[in-house]
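Chemist: got a structure for you, letters missing:
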């Protein structure tokens, strides 16, 4: 599926959509039903983020209990690599691809982080099992899936986020959004190529 570029109007994108939304589910989704239930009364899912939007700020703990603040990544681009759950095959491959390309991301002035709804102890042990030592695995654990909801990619019926890559530039603007089938591994070469072509 092609990535969305700035200025394009795309239909049928992924995410959980509230009753007031007119957008249909993503065409690649393997789950036809989208429920309109809330995880928490104080939380509402925003429309799915798109290129050209301002990035939604957030702060999350990583697997080593260090705080990652999006807007604190001054003068760097950020890759938010959302994945459904730790300890699963496709998510493991997705996070290992970030780890294996750390030097490439650094050379392209990009900070790549993984995000899922898992807790800190879970992410800590998972990172250890995968041999991940440099990539920060962020915990969107509580309020459950709050960051995924801010970006419009939380799946209510499953309790986790879509599998998605979102790139944010140095000015906190979204420049790339792509949602992938749940049972797949995102193509990291595609992300690197985008960063190289859009310095």
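Modeler: Looks like it came in fine. Bear in mind that the values here come from a model prediction, so they are computed numbers and not experimental data.
Chemist: what is the mean pLDDT for stretch 131-148?
Modeler: Averaged over stretch 131-148, pLDDT sits at 97.
Chemist: Quick one: end-to-end distance for it.
Modeler: With C-alpha to C-alpha, to the nearest Å as the measure, stretch 131-148 spans 26 Å from end to end.
Chemist: a strand runs through residue 105, doesn't it?
Modeler: No. Residue 105: not assigned to a strand; according to DSSP: H, G, I helix; E, B strand; the rest coil it is helix.
Chemist: Do I have it right that it meets residue 111?
Modeler: Yes. Residue 105 is within contact range of residue 111, at 7.0 Å (criterion: C-beta atoms under 8 Å). (Each C-beta comes from the backbone N, C-alpha and C, glycine too.)
Chemist: Show me which of the two is the more surrounded one.
Modeler: It is residue 105, of residue 105 and residue 111, that has more neighbours when counted by other C-beta atoms under 10 Å, with 22 against 18.
Chemist: Chain neighbours aside, what residue packs nearest to that one?
Modeler: The shortest distance from residue 105 to any non-neighbouring residue, by C-beta to C-beta, 6 or more residues apart in numbering, is to residue 112 (4.7 Å).
Chemist: residues near the one you found, how many?
Modeler: Close neighbours of residue 112, defined as other C-beta under 10 Å, add up to 28.
Chemist: Next: residue 157.
Modeler: Residue 157 has 12 nearby residues by other C-beta under 10 Å.
Chemist: Same question for residue 63.
Modeler: For residue 63, using other C-beta under 10 Å, the count is 24.
Chemist: helix, strand or coil for it?
Modeler: coil.
Chemist: Kindly state the beta-bridge partners for the residue nearest to residue 105.
Modeler: residue 79 (DSSP bridges).
Chemist: Now do the spatially most central residue of the chain against residue 172, distance only.
Modeler: The chain has residue 82 as the residue nearest its centroid, 2.7 Å off, counting by C-alpha atoms, centre = their mean. Using C-beta to C-beta, to the nearest Å, one obtains 18 Å as the distance from residue 82 to residue 172.
Chemist: same deal with residue 78?
Modeler: Using C-beta to C-beta, residue 78 is found at 9 Å from residue 172.
Chemist: Mind checking which of the two has more residues around it?
Modeler: Using other C-beta under 10 Å, the more surrounded residue of residue 78 and residue 172 is residue 78, with 21 against 14.
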